[in-house]
Every structure is written in C-alpha cells, then in structure tokens.
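Engineer: Sequence below, structure please.
(chains A, B, C and D)
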Protein chains: 2
Amino acid sequence: MKGFAVRKTKKARSNGRAADFAPSDSAGYLVRDAHRAFQHMLEKRIAPYGVTRGQWYFLRVLWTKDGVSQRELSESVGMMEPTTVIALQSMEKAGLVRRERSAEDKRKAQVWLTPKAKKLKGRLLPVARHITMQAREGVTQAEFELFRDVIRRMTGNLDKLKR
Amino acid sequence: MKGFAVRKTKKARSNGRAADFAPSDSAGYLVRDAHRAFQHMLEKRIAPYGVTRGQWYFLRVLWTKDGVSQRELSESVGMMEPTTVIALQSMEKAGLVRRERSAEDKRKAQVWLTPKAKKLKGRLLPVARHITMQAREGVTQAEFELFRDVIRRMTGNLDKLKR
DNA sequence: TCCATTTAGGTAGAAATCTAAGTAATATTG
DNA sequence: CAATATTACTTAGATTTCTACCTAAATGGA
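Structural biologist: Take a look at the predicted model:
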C-alpha cells in the first residue's frame, strides 16, 4: 500500500450471469444476514446480565440438564470441544459454573451451574423469547412453519454433504 | 476445577415452560445452524483455491466493482471497517488485491483486484452457485421464495430495533 | 499383566468479527 | 486563517469459533 499510479479500470463488461446470482437473493447471504441480526440482538440484550453470547448457548443447555460432562455439553450445544473449554473457562471465571472431576472416571469433568446462573434462567429465557417474538412480528404461524421446514431441509442437505 | 465432592443433583423438576420454547424450533437456532452449514461448506470448497471465507465476501463485491475505497467496501460487504482492514491485509498478502492511496484525497485507499483475483471469478462463482443449488435440493421455487420473504422480514424486524 | 487403543479434556494457533480509541487528511466555520 | 469537526483508515484488544495436536485415564486384547 504505497503506489501512486492510478490504474484505469478495465471496463466492467457486464457478465450476464452475475445478475441471476445476486448475493442478496442467495440462500447463504440471507441466512448470514439473519444470523448476524439475531446474534447482535441477543448480545445486546444479555450483556446487561453479564452474559456473553458464547456463554449463552451453554447456559441454555445447562438450565435443562446440570452436571453433565464437557463432551456431552459440546454435543448438546453443537460446538467443538476446544470451544467448550474456552466457554466454560470464561463461565467459571464469571461465576456461572463450577467444574469437578468425576470420582468414578477421573478423565471426566462434571459441570454444575452456580446458584447465580440458575437464577438467571428466569431472567434470560424471557429475553430470548422476546427476541424470537420480535423477529416473527408480521409472520403468520403457517409462514413460519414453512420457513422452518425449508431452512431445516437446506441445513440437512448441506450437513449430508459433510460426510 | 479441583473439588472432588460429588454433588447430588437437585432433581431437574420439569419446568413446563421449557417445552414450548425448545431451541431447535426457535428462529435464532435454525438460522444459526443453517449459517454454520453454509459457512462450513463454503470454506471447504474455496480453500483449495487459497481463498478463505473472510476474503470471499470482499472478492465477491470487488468482482463487481473494482477500485473502491475501503469504506465503500465495508458498506457493500456489510462489515465494520476494522474487519475490512484485516481482510484486505490478508488479501494483499495473498496477492489478491493491491491498495493505493487516492491522489485527490490522500485519506482514501483504493482497492484493486490483481489479475490472479480476477481469474478466480470464473472458478469461484460456480462454486458458490453449486452450494446454493445443493442446499436448495428438494425445495421448490415457491417454497424458496416464501422462505426468502420470511427470512428477510425477520432480519428487517431485528435490524429496525437496532436504531 | 502389559501394551495398544479409545476416551475426555486441554493447549496452540489461526481466522473472523466486533467495539473503542487513535492518527492523518480534509472540510467547515467563527 | 486558525480552531474545530468530520472523514478514512488503522491499531488495540476482546470474543467466538475452528483444526490439529497433546496428555492423562480407562479399557481391552494377546
């Protein structure tokens, strides 16, 4: 980044094919935009409770089943294990969980919510519900169900290709 | 993470409200899963060309309009400027773009694709199209259009709340 | 029993993002 | 015109996530 000579544009000759594949219409871009909108809103709304988005997914699972191993958690949350390690470290530091080695199998760590984290459930689940409701405003139940059906099929199609 | 005393589970008394807000049914989770599936596939398919997902979005815009400023790029791509800086640095290192200070306004940097990057267009756009098509397999045009309509409305609903 | 394999968790390092704050160039305004 | 504000890019630092690899504990077969 130091040159000065300004290049003349090789006149963008319209490619013909570009038009029928506009990013804004493609499934991937639509999903990406929606994802960022959800993330952003979630982050904003849970930050006041001292919870980060990375912690959220784990809290969500732990509110349902406490005392699980990290591997089990990773699977439930759908994250790789190193991600879980990092999230749990931050959660431990934030006083949201405790970790203990299992007595029967010393490889295993059991993850327990602290009272503080348990109390947050009543506060935070409504926050999530509210975001969902706000997102769905003006969308009928039938429309939403079709959306859900389609996005699941698309996710499934892609996941199939991974194996 | 050092204790040993194994805690007795406070028996997970089913909460009643949890059921009607299962993560797997919520718009946010559906979108997150789909997003990851798309990302993963994209990454896998463009990696052989030496392009990372972070570079992809910028390439995509630059293939359309070359020689734009970084600010303009950030906006087109939908990323914050520091993200653009990092992406462009990596792209410059990878020989995909050149950056030049504008002669008229020395604050501005103009970003130009290298011949190498231009050549990639013909290779990579089909890759993206292919992913989209694979994702949409078994989804009718009508279904897809409704999906698109709904996800756009949801994204719009959330974006509105940001301001 | 002992060695190889599997399982659970962790570390290292890279990438993609963001927010907040800094610097340099240009524009505006009293 | 000088002080101030705005604009364009950059740096710093945090977070979230991944892949690849490492270590310790448990398990299982020869």
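Engineer: so who does A:Glu43 touch?
Structural biologist: Each residue near A:Glu43 by CB atoms under 8 Å, 6 or more residues apart in numbering or on different chains is listed here: A:Thr52, A:Arg53. Quick note: C-beta positions are derived from backbone N, CA and C, even for glycine.
Engineer: 10 Å - rerun?
Structural biologist: Contacts for A:Glu43 (CB atoms under 10 Å, 6 or more residues apart in numbering or on different chains) come out as A:Val51, A:Thr52, A:Arg53, A:Gly54, A:Trp56.
Engineer: Of these, which qualify as buried by neighbour count?
Structural biologist: A:Val51, A:Trp56 (16 or more other CB atoms under 10 Å in any protein chain shown).
Engineer: how about the contacts of A:Glu43, which pair is most distant?
Structural biologist: A:Val51 and A:Gly54 (9.2 Å; CB to CB).
Engineer: any common contacting residues for those two?
Structural biologist: A:Glu43, A:Met91.
Engineer: what's around A:Val97, how many residues?
Structural biologist: The tally of other residues near A:Val97 (other CB atoms under 10 Å in any protein chain shown) stands at 26.
Engineer: Now it: phi and psi?
Structural biologist: When read as degrees, to the nearest 10, the backbone of A:Val97 gives phi -140, psi 160.
Engineer: What about the nearest residue to it once chain neighbours are set aside, how many residues nearby?
Structural biologist: With CB to CB, 6 or more residues apart in numbering or on different chains as the criterion, A:Val97 has its nearest non-adjacent residue at 4.6 Å, and that residue is A:Met91. The tally of other residues near A:Met91 (other CB under 10 Å) stands at 24.
Engineer: What of A:Ala128?
Structural biologist: 20.
Engineer: quick one: the strands in chain A?
Structural biologist: A:68-69, A:97-101, A:109-113 (DSSP state E).
Engineer: and the shortest one, what's its mean pLDDT?
Structural biologist: Yep, that's strand A:68-69 we're talking about. Averaged across strand A:68-69, pLDDT comes to 94.
Engineer: do that strand and DNA strand D meet at all?
Structural biologist: No - Strand A:68-69 is not in contact with DNA strand D by CB under 7 Å from any atom of the strand; minimum separation 12.3 Å.
Engineer: hmm, back to that, could the contacts of A:Glu43 go into a markdown table alongside pLDDT and distance to DNA strand C?
Structural biologist: Listed next are the contacts of A:Glu43 as a markdown table, based on pLDDT from 0 to 100; distance: CB to the nearest atom of the strand, whole Å:
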| residue | pLDDT | distance to DNA strand C |
| --- | --- | --- |
| A:Val51 | 94 | 16 |
| A:Thr52 | 94 | 12 |
| A:Arg53 | 94 | 11 |
| A:Gly54 | 93 | 11 |
| A:Trp56 | 95 | 16 |
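Engineer: Restricting to the contacts of A:Glu43, which residues neighbour DNA strand D?
Structural biologist: A:Thr52, A:Arg53, A:Gly54.
Engineer: Just give the nearest non-adjacent residue to the second one, would you?
Structural biologist: Going back to what we said before, that points to A:Arg53. Per CB to CB, 6+ apart, closest to A:Arg53 is A:Glu43, 4.8 Å.
Engineer: At the contact with DNA strand D, which residues of chain A appear?
Structural biologist: A:1, A:52-55, A:57, A:78-80, A:82-83, A:86-87, A:90, A:104-107.
Engineer: returning to that earlier point: show me the contacts for the residue nearest to A:Val97.
Structural biologist: By CB under 10 Å, 6+ apart, the neighbours of A:Met91 are A:51-52, A:54-55, A:58-59, A:62, A:97-99, A:111, A:113-114, A:117.
Engineer: go with 7 Å
Structural biologist: By CB atoms under 7 Å, 6 or more residues apart in numbering or on different chains, the contact list for A:Met91 reads A:Gln55, A:Phe58, A:Val97.
Engineer: Then A:Ile46?
Structural biologist: Contacts of A:Ile46 (CB under 7 Å, 6+ apart): A:Trp56, A:Leu124, A:Val127.
Engineer: Could you tell me which of the residues you listed belong to helices?
Structural biologist: A:Trp56, A:Leu124, A:Val127 (DSSP state H).
Engineer: just curious, which of the residues you listed is nearest to DNA strand D?
Structural biologist: Nearest to DNA strand D among the ones in helices among the contacts of A:Ile46 is A:Trp56, at 7.5 Å by CB to the nearest atom of the strand.
Engineer: which non-adjacent residue is nearest that closest one?
Structural biologist: Nearest non-adjacent residue to A:Trp56 (CB to CB, 6+ apart): A:Ile46, at 6.0 Å.
Engineer: okay, that neighbour: pLDDT?
Structural biologist: At A:Ile46, pLDDT is 93.
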